[in-house]
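K.L.:
A predicted structure for the sequence below; I have some questions about it.
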Amino acid sequence: MSEIDYLAKRPEVTQKLNKAIKEQEQKKAERAQGVRGGGGGEDDESGEEVSGEATEQEVALFVDIGVMALKDVKDVEMQTANPPLLQKGMLHYEGGWPKEIDVTDDEQKQRYCKKLEKEEGYTQTILGLCDTMETTILQNSAIDIYEEYFEGCEGLGGEDVSSGEAGGKGGGDRMLKVKSEFKDQHDRPALDISIQKQQQQERFAVAYGPYYYQQPIKSHDSLIWNMTSSSSPEQTLNCYSPAVSVDFHSRENSLLCCGFRNGTVGCYDLRKGPDCICTTDVSVSHKDFVTRASWINSKTHSELFSAGEDGCVKWWDIRNMAQPTDFAYCDPTRRNEPQNALVVSCLDVKFIVAGSE
């Protein structure tokens, strides 16, 4: 449908068209009467048949067509071709080598590296790359991996703290850092630690137990940890009572003595398994829990001391644990009576020194 046909069907346009058609018909009729009355004259130029509908030319004479709402008409229509898109990846196995160098041949790469080292300007190029690399590293501001946590603190320092000279005040610039974290799966508090240094590896024993006597505990076992592996313990020692004190033998690397909460003392041989090889009887042991068990230097390498809450220090030989070799009470009156004994909280076997609360 053309725009003229569309406008011709509107009411206001139709009224104008009908009015114009009637005026045109009247003019034609008057002309026709004048021809008949005059008996001749000029021929009727409008010999066309008058119809009730307006033609396109007539509508165009009386209608003002707006062009604001007309549809756009394309003179030329074309479809451009889409560019092909491909997704590709690249495996950077080893780069920086010339094309003639086979990266899978180590000998060929070594020869090429030696050839480069002999060229002039090699040293200056390496020094220039070091400056560039240092600048790039310092630009990493996301995580400050070079942060000095104890900057400005006295007593922390770098070389020899015992000399008291390095690092100025406090004996040097030594830094304290956590190397590894050894965590018990039962979250028990550690009561005592004994470190053993060997030629090939370092390990330590930990006694776990409750702080208070009636506090419940999930496990009585003590653990042997290797310093090179913090994920799991190297060995688990089966303890019939929570261990309060542990001590590695200074010469026999496989021997370990323990003081237990029930007052007994036991000895473990790590080569023979996780169970005690010998233990004291409850009747001859401490009347309260053991505070310290420690080996002493002897010719037989089988003697140890133990101290307890009952105020008694006992001398044991693991070759015969039925009875203590000797014992003494921490009695300030020097009467060696248990009712006057003070609690022995610490023990040093080098000079047989006992401390009390």
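P.N.:
Good, I have the coordinates.
K.L.:
residue contacts, Val290?
P.N.:
Listed by Cβ atoms under 8 Å, 6 or more residues apart in numbering, the contact set of Val290 reads Val244, Ser245, Gly259, Phe260, Arg261, Gly263, Thr264, Val265, Ser306, Ala307, Gly308. In short, each C-beta sits where N, CA and C put it, glycine included.
K.L.:
Now do the domain split for this protein, please.
P.N.:
3-36+51-61, 190-356 (automatic domain parsing).
K.L.:
Need the winner for burial among these.
P.N.:
domain 190-356 (a mean of 17; mean count of other Cβ atoms under 10 Å).
K.L.:
which residues in the chain form strands?
P.N.:
Secondary structure of the chain, counting by DSSP state E: strands at 190-197, 202-208, 222-226, 235-237, 243-248, 255-260, 265-269, 276-279, 290-295, 303-308, 312-317, 326-329, 344-348, 353-356.
K.L.:
Mean pLDDT added to the domains of the chain, as TSV?
P.N.:
Shown next, in TSV, are the domains of the chain (pLDDT from 0 to 100):
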stretch	mean pLDDT
domain 3-36+51-61	67
domain 190-356	85
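K.L.:
what's the longest helix in this protein?
P.N.:
helix 11-38 (DSSP state H).
K.L.:
So which elements touch that one?
P.N.:
With contacts taken as 3 or more Cβ pairs under 8 Å, 6 or more residues apart in numbering; DSSP states H and E, helix 11-38 sits against helix 3-8, helix 56-62.
K.L.:
which residue packs closest to Asp102, ignoring adjacent ones?
P.N.:
Nearest residue to Asp102, sequence neighbours excluded (Cβ to Cβ, 6 or more residues apart in numbering): Gln108, at 5.6 Å.
K.L.:
surely that neighbour meets Pro98?
P.N.:
No: counting by Cβ atoms under 8 Å, Pro98 is not a contact partner of Gln108; they are 10.7 Å apart.
K.L.:
measure Ala307 to Lys299 for me?
P.N.:
Ala307 sits at a distance of 23 Å from Lys299 (criterion: Cβ to Cβ, to the nearest Å).
K.L.:
cool, Arg334 as well?
P.N.:
Distance from Arg334 to Lys299, by Cβ to Cβ: 30 Å.
K.L.:
likewise Gly89?
P.N.:
According to Cβ to Cβ, Gly89 stands 73 Å off from Lys299.
K.L.:
Same check on Thr132?
P.N.:
As defined by Cβ to Cβ, Thr132 lies at a distance of 66 Å from Lys299.
K.L.:
ok, now Glu202?
P.N.:
Separation of Glu202 from Lys299 (Cβ to Cβ): 27 Å.
K.L.:
now the end-to-end length of stretch 316-329.
P.N.:
15 Å (Cα to Cα, to the nearest Å).
K.L.:
Which residues does that stretch contact?
P.N.:
For stretch 316-329, the surrounding residues in contact (Cβ under 8 Å, 6+ apart) are 257, 265, 267, 277-281, 284, 300, 302-306, 311-315, 336-338, 340-341.
K.L.:
again, only using 6 Å
P.N.:
Identification of contacts with stretch 316-329 by Cβ atoms under 6 Å, 6 or more residues apart in numbering yields 267, 278, 280, 284, 302-304, 311-315, 336, 338, 341.
K.L.:
Kindly report the same for stretch 294-307.
P.N.:
Applying Cβ under 6 Å, 6+ apart, the contact partners of stretch 294-307 are 247, 249, 251-252, 257, 259, 265, 290-293, 313-319, 344, 347, 349, 354.
K.L.:
Stretch 235-252 now?
P.N.:
With contact meaning Cβ under 6 Å, 6+ apart, stretch 235-252 is reached by 191-192, 194, 196, 205, 207, 209, 217, 220-224, 255-262, 268, 274-275, 289-290, 292-295, 301.
K.L.:
What about the residue nearest to Asp102, how many residues nearby?
P.N.:
By other Cβ atoms under 10 Å, 14 other residues sit near Gln108.
K.L.:
what's the distance between it and Ile101?
P.N.:
Gln108 is 6 Å from Ile101, by Cβ to Cβ.
K.L.:
Glu25 too?
P.N.:
103 Å.
K.L.:
and Leu85, how many neighbours?
P.N.:
By other Cβ under 10 Å, 5 other residues sit near Leu85.
K.L.:
for it, phi and psi?
P.N.:
Backbone torsions of Leu85, given as degrees, to the nearest 10, read phi -110, psi 130.
K.L.:
Renumber starting at 5 from here on
P.N.:
Got it, first residue is 5 now, which makes that one Leu89.
K.L.:
Okay, it and Ser258: tell me how far apart.
P.N.:
Between Leu89 and Ser258 the computed distance is 70 Å (Cβ to Cβ).
K.L.:
Same question for Lys26.
P.N.:
Distance, Lys26 to Ser258, by Cβ to Cβ: 132 Å.
K.L.:
Ok, Met137 next?
P.N.:
49 Å.
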